[in-house]
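Q: Generate a structure from the sequence data that follows.
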Amino acid sequence: MLRPSPPNVERKLKRGLGAATQRLYSNVMTPTICFVASEVAPLSKTGGLGDVAGALPRRLRMLGCDVRVITPLYASIDRSRLILKTNMRLLDIPLRLGAQEFRYSLVTATSLHSDTPLILVDCPELYHRDSIYTADADEHVRFLVLQLAAIEYCLRTGFAPDIMHCNDWHAALLPLLLRARYSAEPTFARTRSLLSIHNIGYQGVFALGAAALLGLAPDAALLDSDDAAQGVVNWLKEGVRHAHRVATVSPTYAQEICAPLGGQGLDAALRARGDRIAGILNGVDYDEWDPAADAHLPHRYSIDDLSGKRLMKRALLDRMSLTVTLETPLIGMVSRLTQQKGVDLLFDVLPRMLRERPFAIAVLGSGERRYRDFFSSLARDFPGRATFFNGYSEELAHWIEAGSDIFLMPSMYEPCGLNQLYSLKYGAVPIVRRTGGLADSVQMWDAAAQSGTGIVFNDFDAFAAEWAIRTALDLYRDGATWRQLMRNGMAQDFSWEHQAREYLALYRDMTAR
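A: Presented below is the predicted three-dimensional model:
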């Protein structure tokens, strides 16, 4: 097995090799990857999974990997942004699942801005719904078809992946299927499976009867016996049990999910994997999130010239009808409004502090009604100082990052988190709880050393959250301190270029084994 070499060394070595040797070298050094995900930004996205699936394969391709991304062709996808190609061998493919027969096609696409091959599973019966995810009775069928289509693509095209990279529960049965149904297929003779857990709170638990669709007989005993006794099959658990390796989206989260509090019922299965669990922090696509080149911003700025940030603050205050002065600290939030995001901690804290301290807050988000009602009431009770946009706007998300002085993320748990990474780059000092990827990416300000990038609190309670907000507001009063804190954050580099190399190292380790 050849040892990995630095990229410039690899290029020099490969220039001197013959074609056959180059192919052998490439197979060893740059694995072929079948990357299966239920959403891929910017085509389809509900959260961090979409961002990762949109950015990581592109960076891996830049490192020389042959990556094919397989995802559903949802009705919501704008086909005008894609260059579509069809192959007769991949059209109108029949698939019988129990008493149902489906027909789907596999359409190869590249976007106008990337040459990463996308393999879109075109099955209107399953994917032309009002949303990416549903509560429909056939939700398990929708994503079983995605996985079987990924396997069929490899078989019909002769694409023999070194790595089958399966993301979240929607693709978590692939390791089991490869082991039970396709182990004799030459296409998959060298294939190793990697399961990435983006959020362990979503596991894909279905009635055991649905497992009959997997066609595992006589290998049904491979399913978890405890779950079977309870009449269910847990897709994510099966992925954990059968994948060659398991990865998650930050080092701290990899530790947290192996404990009862963070594992949400899967901690024992994860602990059983021992050292087969890797934690790799998500990266940031700085092509999209860089205040010096952000197409969404009317005023741009950088760590060397912050004048545009002040202009963005003025623009954001005007846009969101906030009447405070530019010298008043502005807190921003962009969040899904769920219990995970820690909004409960703010129910008493924010109203009390808005009465006591001069600051403003701008919130963008959607989710559970009780949280929407809270931020709506905050805006009514403190007009001109609190504002809430119910829903999501990509442009407004960029504006809030650019215009805010402080960014608030008091999460109960956070596998990785991306907004704190955006905030660092945009000079919006993050307030975070020490959990998951927040703990790995934000360091507490140290006045003596003039180091640190944000305000970090430990306990998940309102007192700790209030302490963190008050600390940030106090620091904001000292202009020199605040500018140093901002610059410390803006100097951080969480680009996918770095993170993709960690995945490449993991892939190489898997293929070596």
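
Q: contacts, neighbours, all on C-alpha from now
A: Will do.

Q: What's the per-residue pLDDT of Asn234 here?
A: Looking at Asn234, its pLDDT is 97.

Q: Can you report how many residues neighbour it?
A: By the criterion of other Cα atoms under 10 Å, Asn234 has 22 neighbours.

Q: Show me what secondary structure element comes after the longest helix along the chain.
A: If you go by DSSP state H, the chain has its longest helix at helix 139-157. Once the chain leaves helix 139-157, the next helix or strand it forms, by DSSP states H and E, is strand 163-167.

Q: what does the helix or strand just after that next one contact?
A: On the C-terminal side of strand 163-167, the closest following helix or strand by DSSP H and E is helix 174-180. The contact list for helix 174-180, computed with Cα atoms under 8 Å, 6 or more residues apart in numbering, reads 147, 166, 188, 193-194, 214, 216, 219, 222, 238-239, 242-244.

Q: mind running it again at 10 Å?
A: For helix 174-180, the surrounding residues in contact (Cα atoms under 10 Å, 6 or more residues apart in numbering) are 36, 144, 146-148, 150-151, 164-167, 182-185, 188-189, 191-195, 214-220, 222-223, 235, 238-245.

Q: My understanding was that Asp344 contacts Phe374; is that so?
A: Yes - contact criterion Cα atoms under 10 Å: Asp344 and Phe374 qualify, at 9.5 Å.

Q: So these two - more neighbours on which side?
A: More crowded of Asp344 and Phe374, by other Cα under 10 Å: Asp344, with 20 against 16.

Q: Helix, strand, or coil at the more buried one?
A: Recorded secondary structure, Asp344: helix (DSSP: H, G, I helix; E, B strand; the rest coil).

Q: Relative to Leu337, how far out is it?
A: According to Cα to Cα, to the nearest Å, Asp344 stands 10 Å off from Leu337.

Q: Of all the residues in the helix or strand harbouring Phe347, which ones are buried?
A: Per DSSP H and E: Phe347 is located in helix 346-356. Buried residues in helix 346-356, counted by 16 or more other Cα atoms under 10 Å: Leu346, Val349, Leu350, Leu354.

Q: and if you look at stretch 266-278?
A: Within stretch 266-278, the residues that count as buried by 16+ other Cα under 10 Å are Leu266, Asp267, Ala269, Leu270, Arg271, Arg273, Ile277, Ala278.

Q: Identify the residues contacting the residue lying closest to the first one once chain neighbours are set aside.
A: Here the nearest residue to Leu266 in space, its sequence neighbours aside, is Lys237; by Cα to Cα, 6 or more residues apart in numbering that works out to 6.6 Å. Contact criterion Cα under 10 Å, 6+ apart gives 169, 172-173, 200, 203-205, 223-224, 227, 265-267, 269-270 as the residues in contact with Lys237.

Q: which of those residues are buried?
A: Using 16+ other Cα under 10 Å as the burial test, the contacts of Lys237 include 169, 172-173, 200, 203-204, 223-224, 265-267, 269-270 as buried.

Q: Just the residues you listed: which are in helices?
A: Per DSSP H, those map to helices at Asp267, Ala269, Leu270.

Q: quick one: the last one from His128, how far?
A: Distance, Leu270 to His128, by Cα to Cα: 35 Å.

Q: try the first one
A: Here Asp267 is placed at a distance of 35 Å from His128 (Cα to Cα).

Q: Tell me how many other residues crowd Tyr392.
A: Neighbours of Tyr392 under the rule other Cα under 10 Å: 14.

Q: and of the contacts of Lys237, the nearest to Ala99?
A: Among the contacts of Lys237, Leu173 lies closest to Ala99 (Cα to Cα), at 20.7 Å.

Q: per-residue confidence at that closest one?
A: Model confidence at Leu173, given as pLDDT, is 97.

Q: Spell out which residues make up each domain of the chain.
A: With domains defined by automatic domain parsing, the chain comprises 32-283+497-512, 307-494.

Q: okay if I get the ones you listed as a markdown table plus distance to Pro291?
A: Output for the domains of the chain, formatted as a markdown table (distance: least, Cα to Cα, whole Å):
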| stretch | distance to Pro291 |
| --- | --- |
| domain 32-283+497-512 | 16 |
| domain 307-494 | 6 |
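
Q: what stretches of the protein score poorly on pLDDT?
A: Counting by pLDDT under 70, the chain contains low-confidence residues at 1-29, 217-219.

Q: can we see that at 50?
A: Scanning the chain for pLDDT under 50 picks out the ranges 1-27.

Q: Put the alpha carbons of the biggest strand by length in it into PDB.
A: If you go by DSSP state E, the chain has its longest strand at strand 100-111. Extracted C-alpha coordinates of strand 100-111, given in PDB (Å, rounded to 0.1, in the frame of the first residue of the first chain):
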ATOM      1  CA  GLN A 100     -45.600  -2.400  -5.500                       C
ATOM      2  CA  GLU A 101     -43.600  -1.800  -8.700                       C
ATOM      3  CA  PHE A 102     -41.800   1.500  -9.400                       C
ATOM      4  CA  ARG A 103     -40.100   2.700 -12.400                       C
ATOM      5  CA  TYR A 104     -37.300   5.300 -12.200                       C
ATOM      6  CA  SER A 105     -34.600   6.800 -14.300                       C
ATOM      7  CA  LEU A 106     -31.100   7.900 -13.300                       C
ATOM      8  CA  VAL A 107     -30.200  11.300 -14.800                       C
ATOM      9  CA  THR A 108     -26.600  12.600 -14.800                       C
ATOM     10  CA  ALA A 109     -26.400  16.300 -14.100                       C
ATOM     11  CA  THR A 110     -23.800  18.900 -13.500                       C
ATOM     12  CA  SER A 111     -24.600  22.400 -12.200                       C
END
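
Q: Show me what the strand or helix carrying Pro94 is in contact with.
A: Assessed by DSSP H and E, Pro94 sits inside strand 93-97. Contact with strand 93-97 is made by 101-106, 123, 141, 144-145, 148-149, 152, 210, 212-215, as judged by Cα under 10 Å, 6+ apart.

Q: so that strand versus strand 100-111, what angle?
A: 130 degrees (axes from the mean of the first three to the mean of the last three Cα atoms, to 10 degrees).

Q: And strand 93-97, how far out from the chain middle?
A: 31 Å (Cα atoms, centre = their mean, to the nearest Å).
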